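A.B. asks: only geometry, no sequence info:
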Ligand SMILES: Nc1ncnc2c1ncn2[C@@H]1O[C@H](COP(=O)(O)OP(=O)(O)OP(=O)(O)O)[C@@H](O)[C@H]1O
Ligand SMILES: [Mg+2]
C-alpha cells in the first residue's frame, strides 16, 4: 500500500494502518514521521492490531524500545516499537545495536525515525503523518 490518504479520525488512521500492516513481513523497518500529536502512535496501534498484540501496548510509553509478541498467518512475529523522540545522541542508538535491530527478522516501527538521517537507508517503508486541520491528518505512505 502506498499513496496519500486523508484521515478524519484516530479510528480512520488505525484503519489505514491495518491496511498497510497486512503487507509487512519480518525484516521490514517502518520509518514513522510527523510532528508531535500527528498520530504516529495511533498508526502504530493499528499495526499492532494486525499482529494481534495491541493488548500488550503500554501507554504512555517513554522507553526507546518496546517488544511485542505478535503473529501473522499463524507465524510468530516480534513487533519492535521504537520512539526516538527523547534520544539525544546517535552514538547512544548505535551502541544499543539499533542497526542490527532494524535488519533483524522483526517488524520494526520507529517513531521519529527521521531524527538521525544516517539510518535512512535501513528503512524499508516510510509513513508520514501531517496535521491538516482539527481531527484531520494527511498520511503519506511510500
Ligand atoms: N485523524 C486523526 N488521526 C490520528 N490521530 C488523531 C486524528 N484526529 C485527532 N487525533 C488525535 O491526535 C492525537 C495523536 O496522538 P499520537 O500519540 O498518536 O501522536 P504522535 O504522533 O504519536 O505524537 P508524539 O510525537 O508525541 O509521539 C490523539 O489524541 C488522537 O486522538
Ligand atoms: Mg507517539
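C.D. replies: Received, thanks. Just so we're clear, the structure is a prediction, and the values are computed from it rather than from any experiment. Ligands and ions are numbered 1, 2, ... in the order given.

A.B. asks: where does this structure get nearest to ligand 2, residue-wise?
C.D. replies: Evaluated by C-beta to the ion, the chain has residue 41 as its residue closest to ligand 2, separated by 3.4 Å. Glycine gets a C-beta too; all of them are placed from N, C-alpha and C.

A.B. asks: name the element that residue belongs to?
C.D. replies: Under the criterion of DSSP states H and E, residue 41 resides in helix 40-50.

A.B. asks: now swap in residue 16 and tell me
C.D. replies: helix 10-21.

A.B. asks: go on, residue 92?
C.D. replies: Using DSSP H and E, residue 92 maps to helix 90-95.

A.B. asks: spell out which parts of the chain neighbour ligand 1.
C.D. replies: Residues of the chain lying close to ligand 1 by C-beta under 6 Å from any ligand atom are 7-10, 12-13, 34, 36-42, 85, 111, 135-137.

A.B. asks: now the buried members of those.
C.D. replies: 7, 10, 12-13, 34, 38-42, 111, 137 (16 or more other C-beta atoms under 10 Å).

A.B. asks: packing partners for the helix or strand bottoming out on mean pLDDT in the chain?
C.D. replies: For the chain, counting by mean pLDDT, DSSP states H and E, helix 90-95 ranks last in confidence among helices and strands (a mean of 93). In terms of contacts (3 or more C-beta pairs under 8 Å, 6 or more residues apart in numbering; DSSP states H and E), helix 90-95 is not packed against any helix or strand.
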